[in-house]
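*Asks:* Below: sequence and its predicted model.
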Amino acid sequence: MKTIVLGAGVIGVATAYYLSERGCDVTVIEREPGVALGTSFGNAGVIAPGYVTPWAAPGMPLKLVKYLLKPASPLIFRPTLDPAQWRWIARWLRECDLARFRVNKQRMQRIAHYSRECLHAFLAAHAFDYGRSQGYLQLFRSGYDVELAQPALAVLRDAGVVYREMDADECARIEPGLQWSRVKPVAGVYLPDDEAGDCARFTRELRSVCEANGVQFLFDTDVAGLDVEQGRVRGVRIRALPERRGRREPKQASDATGPRAPAPPSRDPSPRTLAADAVVVALGVESAALVAPFGVRVPLYPVKGYSATLPVVDDQKAPRAALMDESLKTAITRFDTHLRVAGTAELGNRHATLREQALQTLMKVLDDWFPHAATPSSAQFWVGRRPMVPDGPPLLGPSGVDGLWLNVGHGSTGWAMSMGSGRVVADLVTQRTPDIDLDGLTLARYRR
């Protein structure tokens, strides 16, 4: 079966891997010069199935209003005249009900736990280094934040997820670097089975495995549209992007890729069509506009996230693994000799531009918890557009157009759900029965 995957983030490359394992002839199309150069590039790197949670949660609307009044805030809201923004917000507010939150969180955890199983099975056959660490510690600055976390902890208990509630001293025993923190947590939650790793490094290694399996990657290639006839996808219209000499791939401090290779000497910018038996859309926030002309309504909206990557200067005073400042919704993750500080949600601006307010919040969180671990002036900043749906769970599987499949809407937890999502969609494309129940994980939930 000739299959085309649109998008070479971790979601798209994972999908291509499983399709190739099932005997498909796979081509991946990506407008960037390499894999994992969009949202997959600078994320927090946390694989925490027990932690994945909808942004739509009880008490969150009031909490966000309070955030807007604070200088150091994990939220930046910029109202616009875009009707899509307000439709998305209205849907999101409806999902902040406790009963809806529990349903959505359970759905997200179902695919996240399955994804971790898929990742471990993959690593048993393809072991490589991507800065992996074990354990995940949530830190709470106030009793109010502990109270807001109770519905999420109830879901963990119901799901049988292993976790420990602890005080400040116990948190410091898990992460000794907290002995030098400027603030002390009022409480913490430790999830020993969760883990972290550099998503971009993993995706680059996964690309190599895919290519060994015969997967073809077309970089610097734009998707001009889908070729759909009589309700069935027939292929993808693509065009080569103009040569962009001098442009460099974004550098990741822990694994810089260096200058991009020059584009081929002859690049035909005129559109051409690649025929396919099946097409998987994994383009992040760009997915909704691509499928909309065919009556496929996907409620995606870009919520920008930020990160900073810094080299560790004092190993003793740096974290060992991954932590989350639950009050400011900012993660600090250790990747070998570097730290990643990631967080902030900016709603209302579709452009990938850095905001000083967001960067200050990241650096404040690092300075509060690990003030001596890294030198602030060494930070390399990044911004990405998270493909968010209002209720939280991703959209996997059929689109309603025959042969056109979706693997979108993972928000800020795409890395945690990537391998499982890729395997589920590959199973569906090749007419296999997935290993998990897909109720609530497909576009059908919006049609209902």
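*Replies:* Structure's in. What do you need? This structure is a prediction, so every number in the text was calculated from the model and none was measured.

*Asks:* Would you mind listing the buried residues in stretch 58-72?
*Replies:* 58, 59, 60, 63, 64, 67, 72 (16 or more other CB atoms under 10 Å). For the C-beta atoms, the positions are set from N, CA and C on the backbone; glycine is no exception.

*Asks:* Pretty sure residue 98 is one of the things the third one touches, is it not?
*Replies:* No - counting by CB atoms under 8 Å, no contact exists between residue 60 and residue 98, whose distance comes to 11.2 Å.

*Asks:* just checking, residue 180 touches residue 368?
*Replies:* No - using CB under 8 Å, residue 180 makes no contact with residue 368, being 10.9 Å away.

*Asks:* what's near enough to touch the nearest residue to residue 108 once chain neighbours are set aside?
*Replies:* By the measure of CB to CB, 6 or more residues apart in numbering, the closest residue to residue 108 outside its immediate chain neighbours is residue 52, 4.7 Å from it. Counting by CB atoms under 8 Å, 6 or more residues apart in numbering, residue 52 touches 105, 108, 109, 112, 413, 416, 417.

*Asks:* Among those, which one is most surrounded by other residues?
*Replies:* residue 417 (34 neighbours; other CB atoms under 10 Å).

*Asks:* ok but it is inside a helix, no?
*Replies:* Yes - the assignment for residue 417 is a helix, going by DSSP: H, G, I helix; E, B strand; the rest coil.

*Asks:* which residues in the stretch 151-300 of the chain form strands?
*Replies:* 164-166, 187-196, 216-218, 221-229, 232-240, 272-275, 278-281 (DSSP state E, counting those that start in this stretch).

*Asks:* Need the winner for burial among these.
*Replies:* Neighbour counts (mean count of other CB atoms under 10 Å) averaged over each of those peak at strand 278-281, with a mean of 27.

*Asks:* strands paired with that one, and their directions?
*Replies:* strand 2-6 (parallel), strand 404-408 (parallel) (DSSP bridges).

*Asks:* Next, format those strands as CSV and append mean pLDDT.
*Replies:* Below are the strands paired with strand 278-281 laid out as CSV (pLDDT from 0 to 100):
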stretch, mean pLDDT
strand 2-6, 98
strand 404-408, 98
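
*Asks:* Now distance to residue 237 too, for those, in a markdown table please.
*Replies:* Below are these laid out as a markdown table (distance: least, CB to CB, whole Å):
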| stretch | distance to residue 237 |
| --- | --- |
| strand 2-6 | 11 |
| strand 404-408 | 14 |
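
*Asks:* closest to residue 317 out of those strands?
*Replies:* strand 404-408 (40.2 Å; CB to CB).

*Asks:* Tell me the pLDDT of residue 241.
*Replies:* In this prediction, residue 241 carries a pLDDT score of 92.

*Asks:* Contact partners for residue 403?
*Replies:* With CB under 8 Å, 6+ apart, residue 403 has these contacts: 232, 233, 234, 276, 277, 278, 279.

*Asks:* Let me know the pLDDT of it.
*Replies:* pLDDT at residue 403 comes out at 98.

*Asks:* now it: how far from residue 177?
*Replies:* Distance, residue 403 to residue 177, by CB to CB, to the nearest Å: 51 Å.

*Asks:* out of the strands of the stretch 151-300 of the chain, which comes closest to residue 382?
*Replies:* strand 187-196 (16.8 Å).

*Asks:* Pairing partners for that closest one, with directions?
*Replies:* strand 46-47 (antiparallel), strand 133-140 (antiparallel), strand 164-166 (antiparallel).

*Asks:* what is the mean pLDDT for the first one?
*Replies:* Read that as strand 46-47. On average, strand 46-47 scores 95.

*Asks:* Ok, the last one next?
*Replies:* Taken as a whole, strand 164-166 carries a mean pLDDT of 96.

*Asks:* Could you give the number of residues near residue 133?
*Replies:* 21.

*Asks:* That one contacts residue 197, doesn't it?
*Replies:* Yes - with contact defined as CB under 8 Å, residue 133 reaches residue 197; the gap is 7.2 Å.

*Asks:* Overlap in contacts, those two.
*Replies:* residue 335.

*Asks:* Sitting in helices, which of the buried residues of stretch 58-72 do you find?
*Replies:* Those of the buried residues of stretch 58-72 mapping onto helices are 60, 63, 64, 67, per DSSP state H.

*Asks:* about what we covered before: which stretch among the strands paired with strand 278-281 comes nearest residue 147?
*Replies:* With CB to CB as the yardstick, what comes closest out of these is strand 404-408 (33.5 Å).

*Asks:* quick check: angle from the closest one to strand 221-229?
*Replies:* Calculated by axes from the mean of the first three to the mean of the last three CA atoms, to 10 degrees, strand 404-408 forms an angle of 140 degrees with strand 221-229.

*Asks:* Please state the offset of strand 404-408 from the chain centre?
*Replies:* 16 Å (CA atoms, centre = their mean, to the nearest Å).

*Asks:* From the contacts of residue 403, pick the one nearest residue 187.
*Replies:* residue 279 (47.5 Å).

*Asks:* May I see the buried residues of stretch 78-90?
*Replies:* Buried residues in stretch 78-90 (16+ other CB under 10 Å): 85, 88, 89.

*Asks:* Let me have these in a markdown table, adding distance to residue 330 and pLDDT as columns.
*Replies:* Converted to a markdown table, the buried residues of stretch 78-90 look like this (distance: CB to CB, whole Å; pLDDT from 0 to 100):
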| residue | distance to residue 330 | pLDDT |
| --- | --- | --- |
| 85 | 24 | 90 |
| 88 | 23 | 93 |
| 89 | 23 | 92 |
